[in-house]
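Chemist: Provided below are the primary sequence and the corresponding predicted coordinates.
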Amino acid sequence: MTVFFQLAVGCALALAVCVGAVGYFRTVRTARPPIGVFNGADIFVMMGFVLALPYLYLALPGAVLPVVLALAFAGGLSVGYQPVIGDGRLRWTLIATLIAAVLGAHLAFGDTAAPYWIANSCVVGLVVVSATNINVQGGMRLKNVAWFLLALTAYDAFFAWVVPLTEELSDAIQGYPFAPAAGLRIGDLGAVLGMGDLLAYALFTTAAYKAYGKAGLRTGIVLVVLFGAVAPVAALHIVGAVTGHAAALIPAQVFFGPASFAGHLLLRRRGPERRMAELAFRRDRIGAPRAAAGPHRALGEAAQ
């Protein structure tokens, strides 16, 4: 029963952030930051940020950590959804309502109850969707995502199996609201996916869709389901059955990182990646002549 629950929740969450991120990408244009072309140096900077963030979290006093996470969630929602809700007062009212819902569910039911995890998962999912589009629409290409996820694979494996930083961070946030994770707990059943894993799935799927249209989207969805949701759960239960005791932490990126890089190599055979300048958004096409999109197919059409 446990394995089927974990598979169902994992697949649902992974697909939800991917569909949400691609849906946002198809309909909303974010403000493009003046950062130039995304390149290898940016990957280095991102990995540095990823490396430093857990240490920052662990250095904070326990009571301060949820406050920092709540502010980070609120900031991510404000930036990501400004193009959707231009009215600042309305946007911040909705954000405050979401943050309050998570805190209220935690205070009323605790951090092991379904209402808390549903509320927290909604906030985390919305942040992942916005962060994905800020990066992909801001210039991050599929090859950048593939290399970043490959580097993240080595990072996750090292800090899960050599230096137990991942486990320490998980212990540090226990009992506090605003966990950087999404999932569901019902009685003895529980399934949780890290925010970083969800961001990896949404980044790859959205970047693949931007680069190669529906072919990229299909590739991304298949890889996310098989190697992002199914493989990590299956591996945990297989190792447990073989060894006779619960398996140690197995990072999802150990499976998804190499698979996503292989998916990038496969898609690359179709030709060069499409860029943002070559894509027409739905809002751009309202009242605009057909020729405005140029020779390339628009996002709402069947791009191969």
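Modeler: Cool, the structure landed. Residues are numbered from 1 along each chain as shown.
Chemist: rest of the way, CA atoms for contacts and neighbours
Modeler: Will do.
Chemist: okay, and for the stretch 51-200 of the chain, where does confidence drop off?
Modeler: Low-confidence segments of the stretch 51-200 of the chain, defined by pLDDT under 70: 51-53, 55.
Chemist: Strands of that one, start to end?
Modeler: Per DSSP state E, counting those that start in this stretch, the stretch 51-200 of the chain carries strands over the ranges 181-186, 189-194.
Chemist: buried residues in the first one?
Modeler: Of the residues in strand 181-186, A181, A182, G183, L184, R185 count as buried by neighbour count, 16 or more other CA atoms under 10 Å.
Chemist: Kindly report the same for the last one.
Modeler: Of the residues in strand 189-194, G190, A191, V192, L193, G194 count as buried by neighbour count, 16+ other CA under 10 Å.
Chemist: what packs against it?
Modeler: Judged by 3 or more CA pairs under 8 Å, 6 or more residues apart in numbering; DSSP states H and E, strand 189-194 is in contact with helix 2-27, strand 181-186.
Chemist: among the ones you listed, which is the most enclosed?
Modeler: Mean neighbour count (mean count of other CA atoms under 10 Å) peaks for strand 181-186 among the helices and strands packed on strand 189-194, with a mean of 21.
Chemist: and the closest residue to F73 other than its chain neighbours, what is it in contact with?
Modeler: Leaving out its chain neighbours, the residue that sits closest to F73 by CA to CA, 6 or more residues apart in numbering is V127, at 6.5 Å. The contact partners of V127, taken as CA atoms under 8 Å, 6 or more residues apart in numbering, are F73, G76, L77, G80.
Chemist: hmm, 7 Å instead?
Modeler: Counting by CA atoms under 7 Å, 6 or more residues apart in numbering, V127 makes contact with F73, G76, L77.
Chemist: What sits closest to the second one if chain neighbours are left out?
Modeler: This means G76. V127 (5.9 Å).
Chemist: Then the last one?
Modeler: In space, and not counting its chain neighbours, L77 is closest to V127: 5.7 Å by CA to CA, 6+ apart.
Chemist: So V230 sits against L7, correct?
Modeler: Yes - assessed by CA atoms under 7 Å, V230 is found in contact with L7 at 6.1 Å.
Chemist: re earlier: how about the buried residues of strand 189-194 in a markdown table, adding distance to F159?
Modeler: Shown next, in a markdown table, are the buried residues of strand 189-194 (distance: CA to CA, whole Å):
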| residue | distance to F159 |
| --- | --- |
| G190 | 23 |
| A191 | 21 |
| V192 | 18 |
| L193 | 17 |
| G194 | 14 |
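Chemist: Can I get the helices and strands packed on strand 189-194 in TSV including distance to G88?
Modeler: Putting those into TSV (distance: least, CA to CA, whole Å) gives the following:
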stretch	distance to G88
helix 2-27	19
strand 181-186	27
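Chemist: among those, which is nearest G240?
Modeler: Proximity to G240 (CA to CA) singles out helix 2-27 among the helices and strands packed on strand 189-194, at 11.7 Å.
Chemist: which ones are touching the nearest residue to A146 once chain neighbours are set aside?
Modeler: Counting by CA to CA, 6+ apart, A146 lies nearest to F261, which is 4.9 Å off, once chain neighbours are set aside. For F261, the contacting residues are A146, W147, L150, by CA under 7 Å, 6+ apart.
Chemist: do the same with P83
Modeler: Contact analysis of P83 by CA under 7 Å, 6+ apart lists V28, T30.
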